[in-house]
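K.L.:
next one to model:
(one chain, ligands or ions: 1)
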Amino acid sequence: MEFREILAKRRMHRSFETDPLPQEQIERIVGVIRRAPSGGFSQGGSIVVVTDDAKRNEIAAAFGDDHYSSGGRNYIADAPVHLVLSANESLYHARYTEADKLASTGGIEVTWPVPYWFVDAGALMMLVLAAAIDEGLASAFIGHPDQKRIFDELLGLPPDVIPIGLALIGRPAPDPNAATGTSRRKDRQRPLDDLVHWQRWG
Ligand SMILES: Cc1cc2nc3c(=O)[nH]c(=O)nc-3n(C[C@H](O)[C@H](O)[C@H](O)COP(=O)(O)O)c2cc1C
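P.N.:
Got it, this is the predicted structure:
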């Protein structure tokens, strides 16, 4: 699929067919982690793939029904593939205190302009969502304020693995938001000039 076509289809889809996806297809999607950028090549991003019915139901229950159910269906539980995407800060500190990095920063760890571990996990999220679209599938990304505890309990994450959220992947079912086509509502869209600045801010 052409990049433009992927972009045109890029949206959070909120309704999935429950039928499982072929293992090779899931592997192709999560395999994009090898193409993900990371500061210093720290490779702090990670994915936990969950396809087990009972576990997906537990995740859906932990996230709560309020935003995710309509007509007796819960689209978190329905999505046949859950990908828990995480960042790992400690790998960045380890990488940026290696000799080659310290040599370029005068022997002290770099001052982090922003938390690169979350920047990189976000980039990984976007690659995964796009890869799913490239496979002709639908995808979405959701978060929960208590997701660290939820995924620690349900999936046994180590302490320094911090989930940034949950990607849902599956075949698209008719979306309750089909009338608007997206949650990217036109009436809430900020003017392009507020988002893109040319040469300088103002
Ligand atoms: C970091 C992040 C967290 C999000 N969390 C949720 C969420 O918890 N629940 C939800 O329904 N959508 C969530 N979304 C989806 C956004 O609502 C959606 O991206 C936005 O409305 C724009 O719509 P579009 O992605 O369909 O273009 C999240 C998106 C991002 C990037």
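K.L.:
residue closest to the middle of this protein?
P.N.:
Nearest to the mean C-alpha position of the chain, counting by C-alpha atoms, centre = their mean, stands Met125 at 3.2 Å.
K.L.:
quick check: mean pLDDT across the longest helix seen in the chain?
P.N.:
Using DSSP state H, we find that the single longest helix of the chain is helix 116-134. Averaging pLDDT along helix 116-134 gives 98.
K.L.:
that one and the ligand in contact?
P.N.:
No - applying C-beta under 6 Å from any ligand atom, one finds helix 116-134 out of contact with the ligand, separated by at least 7.3 Å. For the C-beta atoms, the positions are set from N, CA and C on the backbone; glycine is no exception.
K.L.:
list the contacts of that helix.
P.N.:
1, 6, 9-10, 28-30, 32-33, 35-40, 42, 44-45, 47, 83, 85-89, 91-92, 138-141, 162, 164-165, 167, 169 (C-beta atoms under 8 Å, 6 or more residues apart in numbering).
K.L.:
swap the cut-off to 6 Å and go again
P.N.:
Helix 116-134 has contacts (C-beta atoms under 6 Å, 6 or more residues apart in numbering) with 1, 6, 9, 29, 32, 36-39, 44-45, 85, 87, 89, 92, 139, 141, 164, 167, 169.
K.L.:
inside strands: which ones of these?
P.N.:
Among these, the members found in strands (DSSP state E) are Leu85, Ala87, Ser139, Phe141, Ile164, Ala167, Ile169.
K.L.:
how close does the second one sit to the ligand?
P.N.:
To tie it back to what came earlier, the one meant is Ala87. 12 Å (C-beta to the nearest ligand atom, to the nearest Å).
K.L.:
I figured that residue hits Ile162, correct?
P.N.:
Yes - the pair formed by Ala87 and Ile162 meets the contact definition of C-beta atoms under 6 Å, at 5.2 Å.
K.L.:
who has more neighbours out of the two?
P.N.:
Ala87 (25 against 21; other C-beta atoms under 10 Å).
K.L.:
low pLDDT regions in this structure?
P.N.:
Applying pLDDT under 70 to the chain picks out residues 176-182.
K.L.:
tell me which parts of it are close to the ligand?
P.N.:
Checking the chain against the ligand by C-beta under 6 Å from any ligand atom, the hits are Arg11, Met12, His67, Phe141, Ile142, Gly143, Gly165, Thr182, Ser183, Arg184.
K.L.:
list buried residues within those.
P.N.:
Arg11, Met12, Phe141, Ile142, Gly165 (16 or more other C-beta atoms under 10 Å).
K.L.:
which parts of this structure are helices?
P.N.:
Secondary structure of the chain (DSSP H): helices at 3-9, 23-30, 53-63, 75-78, 89-95, 99-104, 116-134, 147-155, 192-195.
K.L.:
which of these sits most buried?
P.N.:
Among these, the stretch with the highest mean neighbour count (mean count of other C-beta atoms under 10 Å) is helix 75-78, at a mean of 22.
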